[in-house]
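[1] After the sequence you'll find the predicted model.
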Amino acid sequence: MSGDLGLAIQITLYAWLVCELGLQMRQLRISGPTERTEWGSLLVLVAAAVAISLAAHPVARATPALDYSTSSAAARLAVLLFAWAGIGLRLWAIVTLGRFFRGTVHIQRDHEVVRSGPYRRVRHPAYSGILLAGVALGVTFGNAAAFAVFLAGALAALGYRIHVEEKLLTRALGTAYTQYAAATARLIPGVW
């Protein structure tokens, strides 16, 4: 990627990573003691990110007929705006959760269902934000097959994480969570 918008996309990606690390550190300091913690789904997310990163470029090289251009200013601006929207949604969700947010799936003492902010409409808005920003940045692969690999891997990893998280929250919070789940979409309002 060349040009100012290409640089802005790269800076956005790195700034997002720095924000994520900073928020993880902050949350470890402010969150309460956990009663249950599940690490496996975090490892699945990390493994999926690494696998996608390693697979996307060879897939793109193997399927040049599926290349498309993302070099126009309009395409790069759209990528940037959608990435910012996704990152903004994720950060809003994390801030809304407050002490209940951590990188691991966990239950804290006095854990409760959060129904404010983006949680009014979606049960997992932080993952919705990851998906929106990730899809925007995944478009920059410039190849439909590489993008399909990225999207399939991201959806599989997020789907697994959501399954694990909902199972733990349902067990720990019971009716409060099942009633909340019945009234909100998992990831995308009106879709799932």
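    That came in fine, so what should we check first? Residues are numbered from 1 along each chain as shown.
[2] only C-alpha atoms for contact and neighbour calcs from this point on.
    Will do.
[3] where's the most centrally placed residue in the chain, which helix or strand?
    Residue closest to the mean C-alpha point of the chain, counted by C-alpha atoms, centre = their mean, is I130 at 2.3 Å. Per DSSP states H and E: I130 is located in helix 125-138.
[4] repeat for R36
    Going by DSSP H and E, R36 is part of strand 34-38.
[5] Quick one: list the elements packing against that strand.
    strand 105-108 (3 or more C-alpha pairs under 8 Å, 6 or more residues apart in numbering; DSSP states H and E).
[6] and the strand it packs on, which strands flank it?
    Applying DSSP bridges to the sheet, strand 105-108 is found paired with strand 34-38 (antiparallel).
[7] For the strand it pairs with, output the C-alpha coordinates as CSV.
    C-alpha atoms of strand 34-38 as CSV (Å, rounded to 0.1, in the frame of the first residue of the first chain):
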residue,chain,number,x,y,z
THR,A,34,-12.4,-14.5,39.0
GLU,A,35,-14.3,-17.5,40.1
ARG,A,36,-13.9,-19.3,36.7
THR,A,37,-11.6,-18.6,33.8
GLU,A,38,-11.4,-20.4,30.5
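[8] looking at this structure, which residue ends up farthest from its center?
    A65 (29.6 Å).
[9] Please name the residues that touch I107.
    Contacts here follow C-alpha atoms under 8 Å, 6 or more residues apart in numbering; on that basis I107 touches T34, E35, R36, T37, L168, L169, A172.
[10] Tell me how far the second one lies from L187.
    Yep, that's E35 we're talking about. Separation of E35 from L187 (C-alpha to C-alpha, to the nearest Å): 26 Å.
[11] So between the two, which is more surrounded?
    L187 (21 against 12; other C-alpha atoms under 10 Å).
[12] That one: what secondary structure?
    Following DSSP: H, G, I helix; E, B strand; the rest coil, the label given to L187 is coil.
[13] change the start of the numbering to 47 and stick with it
    Let's use 47 as the start, then, which means that last one is L233.
[14] State the mean pLDDT of stretch 59-70.
    Averaging pLDDT along stretch 59-70 yields 86.
[15] ok, now stretch 160-174?
    Computed over stretch 160-174, the average pLDDT equals 96.
[16] Please export the C-alpha coordinates of that stretch as PDB.
    Taking Å, rounded to 0.1, in the frame of the first residue of the first chain, the C-alpha atoms of stretch 160-174 are listed here in PDB:
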ATOM      1  CA  VAL A 160     -24.400  -5.700  31.300                       C
ATOM      2  CA  ARG A 161     -27.300  -4.200  29.200                       C
ATOM      3  CA  SER A 162     -26.100  -0.700  28.500                       C
ATOM      4  CA  GLY A 163     -24.300   0.900  25.600                       C
ATOM      5  CA  PRO A 164     -23.900  -1.400  22.700                       C
ATOM      6  CA  TYR A 165     -25.100  -4.400  24.800                       C
ATOM      7  CA  ARG A 166     -28.600  -3.100  24.500                       C
ATOM      8  CA  ARG A 167     -28.800  -4.500  21.000                       C
ATOM      9  CA  VAL A 168     -25.900  -7.100  20.700                       C
ATOM     10  CA  ARG A 169     -24.600  -9.600  23.200                       C
ATOM     11  CA  HIS A 170     -21.100  -9.500  21.900                       C
ATOM     12  CA  PRO A 171     -20.400  -6.100  20.400                       C
ATOM     13  CA  ALA A 172     -16.700  -6.300  21.100                       C
ATOM     14  CA  TYR A 173     -16.600  -9.300  18.700                       C
ATOM     15  CA  SER A 174     -18.900  -7.400  16.200                       C
END
